[in-house]
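J.: task: produce atomic coordinates for the following.
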Amino acid sequence: MNFESRLRKLESRYRATLSAAGAAQAHYMALAGEPSATACAIERANAQWKELELRKRSIVERMDDVERLEQDAMA
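T.: This is a model prediction of the structure:
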C-alpha cells in the first residue's frame, strides 16, 4: 500500500474542499445579508456550506486513518 500517494490524494481533495467550503460560506453570508434573497435560497446555500464542512472533516479523518496505518506498518 502506497501511503504517501494516498495522503497526497487526500490532501489534494482536502485543499479543493477547503476552497469550495470557503466559497460556499461566502455565498451563504452574501445571501443571508441580501434582503431580496428567498429563505429557500438562503437555506440551500447554508446546507451546501455545511455539507462541504462535513466533507472536510471526513477527509481529515481518512488522512488520520492512513497515517495510523502507515505507522502500524512501520512498527
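
J.: hey, let's count contacts and neighbours off CA atoms from now on
T.: OK.

J.: quick one: the lengthiest helix in the chain to chain centroid distance?
T.: As assigned by DSSP state H, the longest helix anywhere in the chain is helix 39-74. Distance of helix 39-74 from the chain centroid (CA atoms, centre = their mean, to the nearest Å) equals 5 Å.

J.: now it: buried residues?
T.: Across helix 39-74, burial judged by 16 or more other CA atoms under 10 Å covers 42, 45-46, 48-49, 52-53, 55-56, 59-60, 63, 66-67.

J.: same check on stretch 11-20?
T.: R13, Y14, T17, L18, A20.

J.: the last one is in what secondary structure piece?
T.: Assessed by DSSP states H and E, A20 sits inside helix 3-32.

J.: tell me what angle that helix forms with helix 39-74.
T.: 160 degrees (axes from the mean of the first three to the mean of the last three CA atoms, to 10 degrees).

J.: so which elements touch helix 3-32?
T.: Under the contact definition 3 or more CA pairs under 8 Å, 6 or more residues apart in numbering; DSSP states H and E, helix 3-32 sits against helix 39-74.

J.: just checking, what packs against the helix it packs on?
T.: helix 3-32.

J.: distance from the helix it packs on to the middle of the chain?
T.: The mean C-alpha position of helix 3-32 is separated from the chain mean by 4 Å, CA atoms, centre = their mean.

J.: give the burial count for the closest residue in space to V66 that isn't next to it in sequence, as a bare number.
T.: Leaving aside its chain neighbours, V66 sits nearest to F3 (6.6 Å; criterion: CA to CA, 6 or more residues apart in numbering). Using other CA atoms under 10 Å, F3 has 15 other residues around it.

J.: again, but for the one 4 residues further on
T.: The local packing count at L7 equals 17, with neighbours defined by other CA under 10 Å.

J.: so where's the protein shaky on pLDDT?
T.: Across the chain, the ranges flagged by pLDDT under 70 are 1.

J.: nearest residue to the middle of it?
T.: Geometric centre of the chain, nearest residue: K56, 2.6 Å, by CA atoms, centre = their mean.

J.: you'd agree that one is up against Y14?
T.: Yes. Shown here, K56 and Y14 form a contact pair, counting by CA atoms under 8 Å, at 6.1 Å.
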